[in-house]
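S.K.: Fold the following and give me the result.
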Amino acid sequence: MEEENQTGVVHFHFRPFSTDPAVASLLFVAFLILYLGSLFGNATIGLTVWRDHSLHTPMYFFLFALAMLEIGYSTNIPPLTLVSILSMGKMLISLPGCGAQMFFFILLRGSDCVLLAVMAYDRYVAICHPLHYNLIMSWQLCRQMTLGSLGLGFLLSLPLTILICRLPFCGHNEIYHFFCDMPAVMRLACADTHVHEAALYAISVAAVAIPFLLICLSYRWAFSTCSSHLIVVILQYGCCTLIYLRTRSSYSPEEGRVVSVVYTFFSPVLNPLIYSIRNQEVTDAVRRCMARMDSNDEALD
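M.R.: As a prediction, this is how the structure comes out:
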């Protein structure tokens with residue numbers, strides 16, 4: 001507190017998962033493996049779609065965009081979490097740093113949710129209007145919908161981040177979480193946060209509930225043929241609903257932290273696995289890409 005009074009900068013620290021060094025070491029190794037697996041899996045999907053011309057279709061263009069969002073999302077949270085685990089919760093993060101993490105979290109996660117709805121619409125057109133698919137899903141529309149997803153994520157994240165960063169914080173600044181999640185940060189404010197909670201709820205409805213309803217409408221006739229996408233949707237929207245579409249009185253910090261582990265560390269790893277294992281075209285493309293890389297290495301030797 002003396003440092004805060006002298007510098008005028010508010011600092012937070014994250015509550016450690018465990019104060020036992022052995023448990024913390026195991027968690028660090030597990031989360032590091034998941035983080036590296038996420039980067040490798042999504043980078044593989046992105047590189048494969050980029051280099052294999054047979055995958056240059058709207059569906060795989062959206063899959064490429066989703067993989068890039070997952071890489072950005074994984075880079076935003078896990079590195080600081082890993083450092084915090086090593087420091088046993090002693091690592092400090094300033095309010096501007098916390099605000100930056102919150103901003104990119106909503107930007108990337110909100111864009112992710114909207115993009116999943118766009119991918120559902122693409123599958124709806126392919127299944128229900130196959131003769132007009134190429135006419136409807138033009139490359140111009142694909143680019144516009146992808147940029148629109150990012151733009152909507154930006155519009156959702158910026159105002160709420162500014163609102164929360166302007167809150168006064170005093171006293172005990174331990175965030176009961178492993179990253180700067182908005183509900184956890186707002187609980188530390190020494191001011192009324194009803195307006196901020198209402199704004200967070202409204203943004204959650206716009207980024208989670210509405211896209212989920214659009215996905216359900218798009219998949220009314222295609223549940224059996226789009227099971228891979230539905231698994232990702234259920235995992236993504238289910239976790240977000242448990243945390244952000246609930247009242248303050250029913251919010252549990254410990255439950256929120258556990259659910260956040262699922263969509264922060266496990267979801268980015270599972271997404272490329274789900275899309276590749278259940279998609280023979282992607283699997284074959286990955287093999288061709290690896291074969292070309294091996295042949296290039298042999299030629300260099």
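
S.K.: can you pull the contacts of the residue nearest to Gly41 when sequence neighbours are not counted?
M.R.: Nearest residue to Gly41, sequence neighbours excluded (Cβ to Cβ, 6 or more residues apart in numbering): Pro272, at 3.5 Å. Heads up, the C-betas are built off the backbone N, CA and C, glycines and all. Neighbouring residues of Pro272 by Cβ atoms under 8 Å, 6 or more residues apart in numbering: 41-42, 44-45, 67, 70.

S.K.: check which helix or strand covers the most centrally placed residue in the chain.
M.R.: Centroid-nearest residue in the chain: Arg109, 4.1 Å away (criterion: Cα atoms, centre = their mean). Following DSSP states H and E, one finds Arg109 within helix 95-128.

S.K.: circling back to that earlier point, any chance of the contacts of Pro272 in TSV with distance to Asp122, pLDDT and neighbour count as columns?
M.R.: Output for these, formatted as TSV (distance: Cβ to Cβ, whole Å; pLDDT from 0 to 100; neighbours: other Cβ atoms under 10 Å):
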residue	distance to Asp122	pLDDT	neighbour count
Gly41	22	90	22
Asn42	19	92	25
Thr44	22	89	17
Ile45	17	89	27
Ala67	16	92	24
Glu70	18	91	24
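
S.K.: so which two of those are the farthest from each other?
M.R.: The largest distance within the contacts of Pro272, taken as Cβ to Cβ, falls between Thr44 and Glu70 and amounts to 11.7 Å.

S.K.: Against Val114, how distant is Leu156?
M.R.: Separation of Leu156 from Val114 (Cβ to Cβ, to the nearest Å): 9 Å.

S.K.: between those two, what contacts are shared?
M.R.: In contact with both Leu156 and Val114: Ala207, using Cβ under 8 Å, 6+ apart.

S.K.: now the protein, which segments are flagged as low pLDDT?
M.R.: Within the chain, the ranges that satisfy pLDDT under 70 run 1-8, 171, 219-229, 247-249, 276-278, 294-301.

S.K.: After the helix holding Arg109, which helix or strand is next?
M.R.: helix 133-136.

S.K.: hmm, back to that, mind checking which of the contacts of Pro272 are in helices?
M.R.: Using DSSP state H, the subset of the contacts of Pro272 located in helices is 41-42, 44-45, 67, 70.

S.K.: Dump those residues into a markdown table; add distance to Asn134 as well.
M.R.: What follows is those, written out as a markdown table (distance: Cβ to Cβ, whole Å):
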| residue | distance to Asn134 |
| --- | --- |
| Gly41 | 30 |
| Asn42 | 28 |
| Thr44 | 28 |
| Ile45 | 23 |
| Ala67 | 23 |
| Glu70 | 28 |
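
S.K.: ok, back up a step: distance of the residue nearest to the centre of the chain relative to Thr283?
M.R.: As judged by Cβ to Cβ, Arg109 and Thr283 stand 28 Å apart.

S.K.: Likewise for Val185?
M.R.: Val185 is 41 Å from Thr283, by Cβ to Cβ.

S.K.: More neighbours: the two, which one.
M.R.: Val185 (26 against 14; other Cβ atoms under 10 Å).

S.K.: Could you look up the SS state of that one?
M.R.: Secondary structure state of Val185, per DSSP: H, G, I helix; E, B strand; the rest coil, is helix.

S.K.: what secondary structure does Phe178 sit in?
M.R.: Put simply, Phe178 is coil when judged by three-state DSSP.

S.K.: Next, count neighbours for it.
M.R.: For Phe178, the neighbour count with other Cβ under 10 Å is 26.

S.K.: ok, it touching Arg257?
M.R.: Yes. Counting by Cβ atoms under 8 Å, Phe178 does reach Arg257; the two are 6.4 Å apart.

S.K.: Which neighbouring elements make contact with the one helix or strand Arg143 maps to?
M.R.: Secondary structure from DSSP H and E places Arg143 in helix 139-165. The contact analysis (3 or more Cβ pairs under 8 Å, 6 or more residues apart in numbering; DSSP states H and E) places helix 139-165 against helix 58-76, helix 95-128, helix 182-186, helix 194-204.
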